[in-house]
Every structure is written in structure tokens, then in C-alpha cells.
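In: Mind looking at a prediction? Sequence and model below.
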Amino acid sequence: MGSGKSTVGRILAKKLGWGFVDMDERIEGRTGRRVAEIFQELGEAAFRREELAVARELQSATRRVIATGGGAFAQTATREALRVGAFTVWLAGDFETLAGRVGADGSRPLAADREIMRRLLGEREPFYRSADLTVDATDAPEAIAGRIVAAAFGNADAER
């Protein structure tokens, strides 16, 4: 949460000339509910089922940048689905920076309580570390996207 996955993802997709998919937006479109509503009305388990279904749908997608929710990579089946034929990136940042970017207004159900957010980050970090690339998320989104392109492709050519 707060690492800039959607922002950086959109910039990265544009640099590459690829499509962009935000998994949370896809889930909202499928269910007709906001993520916060799914958590509140149906529970986290229902959200994780939707998340896994979307990850599996996207396994066959090519030339797509996919932004996941913060907990997707911590779920074994979802992580495995996301890794199929993909180059995965962890946008890492210190807790204070990430928390400062996320409102505590309830729009992100697991971020309203900062202690829960801190605990989740600690629990999820070992899973995040298994990504193919770790990038410092505290830099400007354009710079982050440029580093991802360079690491994944060896240069900054946009059309891949």
C-alpha cells in the first residue's frame, strides 16, 4: 500500500507501449463493488478469491503491466498465477513514506489502522522479496519506471 503500483504501472505501460491492468479496478468492475465494500460486506476471503480469479485470467495476457493490490503477492496461489511468464517487481519503501501516501479514510480497508498496516508490511515483506526486481519506491514515478525498463530490458527503448 502506498508504493505507487498503479501510478508507476501506468507510466511503465506507456513507456513500453503496453496495456495496463489495475487488478483492484478489474475486481471492482467484475463485482460492481468498491474494494472497501467487498471487504466490509463480504470479507477479505471473498476479495482474495476475486483477486485470484483475476490473476488467473491475466496469466495469458501479453504485453501488459499489471498492478496488484498490496496483499496479492502474499497469497501463494495468486503469487504463482502472477509469476507465470511475467517479470515481477517489488516497489519497496519505508513504512513512514508508504503510510504517508495512504489515507486513513477507509478507502483502503487494511490501511485505516496504521499498526495493522505496519504488521501487514512486515508479514508480506518475505513474499515481496521473491519478486524478480526490487526498486526503491520513494523516488519519482517516472524515474522508477525508467529503472524497471532498464533492469527488465537492458535499455530504455519503449517498444517491446
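Out: Sure, I can see it.
In: center of this structure - which residue?
Out: The structure's the chain has its C-alpha centroid closest to T68; by CA atoms, centre = their mean the separation is 2.9 Å.
In: From V84, how far off is that one?
Out: According to CB to CB, to the nearest Å, T68 stands 14 Å off from V84. All C-beta spots, glycine's among them, are computed from the backbone N, C-alpha and C.
In: As a check, name the ranges of all helices in the protein.
Out: Shown for the chain, the helices assigned by DSSP state H span residues 5-16, 23-31, 35-37, 44-58, 76-83, 95-101, 114-128, 141-153.
In: pLDDT weak spots in this structure?
Out: Segments of the chain classed as low confidence (criterion: pLDDT under 70) are 1, 99-113, 155-160.
In: redo that, cut-off 80
Out: Filtered on pLDDT under 80, the chain yields the residue ranges 1-2, 94-114, 116-117, 155-160.
In: Next, find the distance separating the nearest residue to I144 once chain neighbours are set aside from A81.
Out: Excluding the flanking residues, the one nearest I144 by CB to CB, 6 or more residues apart in numbering is V8, at 4.9 Å. Taking CB to CB as the measure, V8 falls 21 Å from A81.
In: the more surrounded of the two?
Out: Counting neighbours by other CB atoms under 10 Å for V8 and for A81 shows that V8 has the greater number, 25 against 20.
In: Surely that one touches A145?
Out: Yes. Counting by CB atoms under 8 Å, V8 sits close enough to A145 to count as a contact (5.4 Å).
In: What's opposite A67 in the beta bridge?
Out: On the basis of DSSP bridges, A67 takes part in beta bridges with D22.
In: Is it in contact with I27, as I believe?
Out: No. With contacts counted by CB under 8 Å, A67 stays clear of I27, the gap being 11.9 Å.
In: Name the residue in these two with the higher neighbour count.
Out: In terms of neighbours (other CB under 10 Å), A67 is the more surrounded of A67 and I27; the figures are 23 against 20.
In: which residues touch the closest residue to A81 other than its chain neighbours?
Out: Sequence neighbours aside, A55 is the residue nearest to A81 in space, at 3.9 Å (criterion: CB to CB, 6+ apart). A55 makes contact with M23, T68, A72, T78, A81, L82, according to CB atoms under 8 Å, 6 or more residues apart in numbering.
In: Export those as CSV, with columns for distance to A152.
Out: Formatted as CSV, those follow (distance: CB to CB, whole Å):
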residue, distance to A152
M23, 19
T68, 17
A72, 19
T78, 21
A81, 20
L82, 15
